[in-house]
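**Q** Here you go, sequence then predicted model.
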Amino acid sequence: MPVKIRLQRHGKKGKPFYWIVAADGRSKRDGRYLEKLGTYNPNVNPAEINLDIDGAVQWLHNGAQPTDTARAILSYKGVMLKKHLAVGVRKGAMTEEEAEAKFNAWVDDKAKRVNEKVDKLADAKAKAEAEALAAEKAVNEARIAGAEEAAAEEAAAETAAEETTTEEAAVEDAPDAVADEAPAVEEATEEAPATEEAAEEAPAAEATEETPAVEETTEEAPVAEEAEAKSEEE
């Protein structure tokens, strides 16, 4: 009976999860299987693979044929390499210890490369998170600055409105003040003629007081004439 090593689908819709199985090639994809060899989870990066390497090698020695996807998975985990080394041991090209050492060296190198990839992905994720955080921080700072600027503009507008209201109130109160000062101006205007009359009466008073002096001078004049006449007679 032809045996195939293939994937059997499990998991939820949109998140597939596969079993690696050895099954009869005539059975359905998700039908009965002969042996479960491992699992394959493509939903993580790097993909998670758990595999019975020795069991897969044994099935390959027995003539099982892997599908293309299953072959890629087996090669990734070193199953195909181990099968090749096992053939070399059978042919006497190398000892079993040498084959085991080569396989272990390959496994260590593979693990190192996988770890480097994991670290690289972790660094890229951390960098992306840092950039996203910085971008979010910049957006928040811009939002805060815009809010402060808007608040400052609103405060300036309120101040200008208050000043305008104060000026309008002062303008409205101005006519009342002018009206209150008007009687004082009128009183000053009414008092002005009295001052002029006083100025006019002052010279008249002085003239009245000086008039008797003139009259006295006039009265003294005949006395001087009589004195001169007596002098001439003598």
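**A** Looks like it came in fine.
**Q** drop to CA atoms for contacts and neighbour counts, all remaining ones
**A** OK.
**Q** element containing Tyr40?
**A** Using DSSP states H and E, Tyr40 falls within strand 35-41.
**Q** any idea which helix or strand comes after that strand?
**A** Toward the C-terminal end, the helix or strand that comes next after strand 35-41 (DSSP H and E) is strand 48-51.
**Q** Output that next one as PDB - backbone C-alpha positions only.
**A** Taking C-alpha atoms only, strand 48-51 is exported to PDB below (Å, rounded to 0.1, in the frame of the first residue of the first chain):
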ATOM      1  CA  GLU A  48       6.600  26.100  15.300                       C
ATOM      2  CA  ILE A  49       7.400  22.500  14.300                       C
ATOM      3  CA  ASN A  50       7.400  19.500  16.600                       C
ATOM      4  CA  LEU A  51       8.500  16.300  14.800                       C
END
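**Q** got any ranges where the protein has weak pLDDT?
**A** 1, 171-234 (pLDDT under 70).
**Q** circling back to that earlier point, check which helices and strands the strand holding Tyr40 sits against.
**A** strand 15-24, strand 48-51 (3 or more C-alpha pairs under 8 Å, 6 or more residues apart in numbering; DSSP states H and E).
**Q** so which of the ones you listed comes closest to Asn62?
**A** Of all the helices and strands packed on strand 35-41, it is strand 15-24 that lies closest to Asn62, at 11.3 Å by C-alpha to C-alpha.
**Q** Pairing partners for that closest one, with directions?
**A** In the sheet, strand 15-24 lines up against strand 3-12 (antiparallel), strand 35-41 (antiparallel) (DSSP bridges).
**Q** Dig out what the closest residue in space to Trp19 that isn't next to it in sequence forms beta bridges with.
**A** Spatial nearest neighbour of Trp19, excluding adjacent residues (C-alpha to C-alpha, 6 or more residues apart in numbering): Thr39 at 4.4 Å. For Thr39, the beta-bridge partners under DSSP bridges are Trp19, Asn50.
**Q** Could I get the contacting residues of Thr39?
**A** Contact partners of Thr39, counting by C-alpha atoms under 8 Å, 6 or more residues apart in numbering, are Phe17, Tyr18, Trp19, Ile20, Ile49, Asn50, Leu51.
**Q** how about 10 Å then?
**A** Listed by C-alpha atoms under 10 Å, 6 or more residues apart in numbering, the contact set of Thr39 reads Leu7, Gln8, Phe17, Tyr18, Trp19, Ile20, Val21, Glu48, Ile49, Asn50, Leu51, Asp52.
**Q** Which ChimeraX command selects the buried ones in the residues you listed?
**A** Applying 16 or more other C-alpha atoms under 10 Å to those, the buried members can be selected in ChimeraX as follows:
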select :7,8,17,18,19,20,21,49,51
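**Q** Quick check: the farthest pair among the contacts of Thr39?
**A** Farthest pair in these, by C-alpha to C-alpha: Phe17 and Asp52, 17.2 Å.
**Q** if we can go back for a sec, can you tell me which of the helices and strands packed on strand 35-41 comes nearest to Val139?
**A** Among those, strand 15-24 comes nearest to Val139, with 34.6 Å by C-alpha to C-alpha.
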